[in-house]
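1. Show me the folded form of this:
(2 chains)
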Amino acid sequence: MMNASERNATTKLRRVGKKLLKKSSVHKLLPLLQKLESLLSSLEQEPTEPIQESLVPSKKALISDKLLRHTDEDVKLSVLSCITEITRITAPDAPYDDEQMKEIFKLIAASFEKLSHISGHEKALDILDNVDKVKLCMVMLDLECNDLAIEMFKHFLRFIRSNHPRNAIHSMESIMTLILQESDDISPDLLRPLLDSVWNENKALSPMSWILGEKVIRNCAVKLKPYLMKAVESSGRALNEYADIVTDICQNKSESVNVIFQMVLNF
Amino acid sequence: MSSNSGAVKGREFPLPRCPCPSSNSNAPSLDLWSQIVAAETPRPERIDVVYRRRHPRNPQNHANSKPPDSAIPRPPRQSLADPNKRVSWNRSLSTRGRTSIAVGAFMVYQPQLKKDKRKGKPALPKGKVVQPPNVDKERIYFQEVDAYELLEESPSPKKSTWTIGNMTQQEPIPAVCSRLEKWLHSRRLNPFCGPSSTLSKILDTPSTRLETIRDIDFGASDLKTLERTDRSNSLLHTIKTEEKETSIENGSHLQTNEKMLFAQSGEGCEDIEAGVKKLSLVSTSSSIDDDHINPFSVLLSICGQSAPSVLQDIFSSGSETIVKVGEGTYGEAFKINNYVCKIVPFDGEFRVNGEVQKRSEELLEEVLLCKTLNQLRGKDGDSDNLCSAFIDCIEFRVCQGPYDASLIQAWEDWDLEHGSENDHPKEFPDKQCYVVFVQEHGGKDLESFALLNFDEARALLVQVTAGLAVAESAFEFEHRDLHWGNILVGRSDSETLQFTLDGKTMLVKTHGLIISIIDFTLSRINTGDSILYLDLSSDPDLFKGPKGDKQSETYRRMKEVTEDWWEGSCPKTNVLWLIYLVDILLMKKSFERTTKHERDLRSLKKRLDKYDSAKEAILDPFFTDLFVESDPNLTI
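-> Just a heads-up that it's a prediction; the model follows:
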């Protein structure tokens, strides 16, 4: 027997899902999407079968061209936010097939450009949070969306600013760390935005970006060691033009080992 | 992840050497490991499930790409396997340093996960804990069975046979008796119900005792008869013990034939109960009789029907206009003249509107509850407790057959205007069963009703409070789900409304407003014969609503005050919903009011928290001037 709370949730989900398929104007869609996101965020992971069934109308509506490719930016962001909530609920299984997931990842990577906006980046922060906490980038790596990972790195390192909430900064750090740690191979193109961020000149230009890049490199020092020197050489800059952490990882001298050891002690 | 694996190995190997004082560098090393252990103290995760790589990672082969310095780490790794070599000690230091980098990375990574999981929800224990009271009841039950065996004086082989037979017949008793009790209760609610089933005929037809005596035959089948009598006697004894009855039955009266039952039916109501309980013994061996006590048949009886009606019989009679007025997961609601007909499909195997259909038993309880509350309207004569605050359920009908064309037309008209979220009724199969609840039209729900002023708000509160108080007094009633969607509000010309509480009549000012309380799905009621309630401990999701949400907080507070025991009487739950109602009026309903009015409501809310029932709450000074004092019966 279905319990009262599930009945309530399933009813509302089905209603909102059906309405989404019918509405098309912005001022009607945005409240509906807001309501849907609120409903989705209250659901637990590993939902029961009735709730899974009640998610079907919303899942179909959100992936339809009408919503996913809507011309209004706010609608698109809301749609993406709802989709990432659904990925949280359905983990560890992706809610859509591979081609659909690739399309979604493109839009997610593009949404992080909104992080640069002074205002109106709340939805992008919600998306960032969901992507991080369920490690959604694992699916992205499986689908070999390497160019999207590069795009994410560029957006994070270019647009990070001090007024972002701290949990957002942590999400960026953990997403980049996860991508590097879990990648089969690390391409030079992926390292380029990271190295650019820890270029000594950038320390003054973009201190938040410098700090973020340095943290990610330190997190992945062991993983990056085989790739980092080549990336430095192809960058056209001298090794000492980068943060000390890069020099330490590349040179692997006894003096460097002591320095690294000292850093670890400072944690 | 390979780095995690390295971290694990690093932690394992150096630990045994920590106590060694052979090197000064041990001190910082020890501190480091302590920090690592502390940092890795397990904490509850709020996101249980995350995504993982789907394909196994390709084995990395970078031996050729490694710089010449890569030769250095190899000897230290080998030396870890042999801690006794002094020469390798110096080299293992650098290995620990490299391993610590991975550990450090892990340390940095871990706190972020915790911080980033703010939207997650704590993992709750799954499955259900067995209810101790049930275990106790079972033990008591079997103790009674065992105690009875001690009285048996038959030879040993017969006792063994009796025990086996007894065991095989025990299981059906609770379910059958539960249904029969509901049926007996429904008979009291319908004293003038005409004969609508063979069962009624059997029980109602008078007959002489002499015939019964003549039918007893102890011929060649004496032994079998005695054996069967023993089993029946034991079962009947168990039943009576459970119900704490003291009457003693003569063994010879337990013959299972209809004529004996005839003799019983001429006597009082209690004898009818005894007759039905005897019949339950027959039901274990007769499929024909079993048909009369299944939930569907009981539902038919309580609705005063011998067979299902067709929807057309109710809705296709001439000139009435049928308009759909609402819908819910339960089904559809249509307005015909000034009545609202709620049509609820049940007992089907497929999902309707995304949910499993209700069973006969569930609807039976709902109908019984409505009928019980209807008694508060005084239709059955004088009573010490009367009110009209609960929706008037005028009639109940069990229907089977296709959805009526006029209903489908009304449904489609409504769909064009509002966009229905329910399944189209034409999808119902021809054999679908429905219960039609014919109710008065109570108005709009409070959520969508526009209150005009503070007087109307007060009138709403006093009627809800008085209604709950009257129902508490009459039936220990607790609504347990009185959110603003379950209070219907309409306007009326009556200036006063009458309530009778414990024999005292009071008139309250309506300020033109009349309320009706609906939806008793979660309610508890003591009908006098049985306690109907929904065990909310089997619905943990009800208590997981958003923090700070008034409705969700009220469910949680109910769980506290009842201590998750939902069978017992706890009228404080009614007060919790009154507090919810005051909050709703303050925060979600806009009507003409002053700051003093708002202060009065907040003061009322504080005082409500000290009351343990609606009966206490109705005496609150907030309501005093709403009572018409000119009534001579008023003694409050």
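
2. Go ahead and confirm A:Asn167 touches A:Asp129.
-> Yes. If you go by C-beta atoms under 8 Å, A:Asn167 and A:Asp129 touch, sitting 7.0 Å apart. Where C-beta positions appear, they are placed from N, C-alpha and C, glycine not excepted.

3. Which one of the two is surrounded by more residues?
-> A:Asp129 (22 against 18; other C-beta atoms under 10 Å in any protein chain shown).

4. Retrieve the pLDDT associated with the more buried one.
-> We have a pLDDT of 89 for A:Asp129.

5. again, but for B:Gly443
-> Reported pLDDT at B:Gly443 in the predicted model: 86.

6. Let's test this: name the helix or strand in the chain with the lowest mean pLDDT.
-> Going with chain A. helix A:254-265 (a mean of 51; mean pLDDT, DSSP states H and E).

7. try again with chain B
-> Lowest mean among helices/strands of chain B [mean pLDDT, DSSP H and E]: helix B:74-80, a mean of 27.

8. which stretch of helix or strand covers A:Ala110?
-> Using DSSP states H and E, A:Ala110 falls within helix A:98-111.

9. Pull the contacting residues for B:Thr554.
-> Neighbouring residues of B:Thr554 by C-beta atoms under 8 Å, 6 or more residues apart in numbering or on different chains: B:His483, B:Leu576, B:Trp577, B:Ile579, B:Tyr580.

10. actually B:Pro429, not the one I wrote
-> Contacts of B:Pro429 by C-beta under 8 Å, 6+ apart are B:Gly348.

11. On the three-state scheme, it is what?
-> Here B:Pro429 is recorded as coil under DSSP: H, G, I helix; E, B strand; the rest coil.

12. B:Thr624 too?
-> Recorded secondary structure, B:Thr624: helix (three-state DSSP).

13. Give me the below-cutoff pLDDT ranges for the stretch 101-250 of chain A.
-> Residue ranges of the stretch 101-250 of chain A with pLDDT under 70: A:117-120, A:161, A:166.

14. Now do the helices in it.
-> Here the stretch 101-250 of chain A has its helices, by DSSP state H, counting those that start in this stretch, at A:122-133, A:137-142, A:146-159, A:166-182, A:188-197, A:200-205, A:207-219, A:221-235, A:244-251.

15. Turn those helices into JSON lines, including distance to chain B.
-> Listed next are the helices of the stretch 101-250 of chain A as JSON lines, based on distance: least, C-beta to the nearest C-beta, whole Å:
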{"stretch": "helix A:122-133", "distance to chain B": "5"}
{"stretch": "helix A:137-142", "distance to chain B": "4"}
{"stretch": "helix A:146-159", "distance to chain B": "14"}
{"stretch": "helix A:166-182", "distance to chain B": "4"}
{"stretch": "helix A:188-197", "distance to chain B": "13"}
{"stretch": "helix A:200-205", "distance to chain B": "20"}
{"stretch": "helix A:207-219", "distance to chain B": "4"}
{"stretch": "helix A:221-235", "distance to chain B": "5"}
{"stretch": "helix A:244-251", "distance to chain B": "9"}
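
16. And the ones you listed: which comes nearest B:Ala333?
-> With respect to B:Ala333, and counting by C-beta to C-beta, the nearest of the helices of the stretch 101-250 of chain A is helix A:122-133 at 37.8 Å.

17. what's the angle between the host helix or strand of A:Leu77 and helix A:122-133?
-> Assessed by DSSP H and E, A:Leu77 sits inside helix A:73-90. Angle of helix A:73-90 versus helix A:122-133, following axes from the mean of the first three to the mean of the last three C-alpha atoms, to 10 degrees, is 20 degrees.

18. CA atoms of helix A:73-90 as PDB?
-> In PDB, the C-alpha atoms belonging to helix A:73-90 read as follows (Å, rounded to 0.1, in the frame of the first residue of the first chain):
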ATOM      1  CA  GLU A  73      17.900  31.700 -20.700                       C
ATOM      2  CA  ASP A  74      16.100  31.600 -17.300                       C
ATOM      3  CA  VAL A  75      13.900  28.800 -18.500                       C
ATOM      4  CA  LYS A  76      16.900  26.800 -19.800                       C
ATOM      5  CA  LEU A  77      18.700  27.200 -16.500                       C
ATOM      6  CA  SER A  78      15.600  26.100 -14.600                       C
ATOM      7  CA  VAL A  79      15.200  23.100 -16.800                       C
ATOM      8  CA  LEU A  80      18.900  22.100 -16.200                       C
ATOM      9  CA  SER A  81      18.500  22.600 -12.500                       C
ATOM     10  CA  CYS A  82      15.500  20.200 -12.500                       C
ATOM     11  CA  ILE A  83      17.400  17.700 -14.600                       C
ATOM     12  CA  THR A  84      20.400  17.700 -12.200                       C
ATOM     13  CA  GLU A  85      17.900  17.200  -9.300                       C
ATOM     14  CA  ILE A  86      16.600  14.100 -11.200                       C
ATOM     15  CA  THR A  87      20.200  12.800 -11.600                       C
ATOM     16  CA  ARG A  88      20.500  13.100  -7.900                       C
ATOM     17  CA  ILE A  89      17.400  11.100  -7.300                       C
ATOM     18  CA  THR A  90      18.200   8.300  -9.900                       C
END
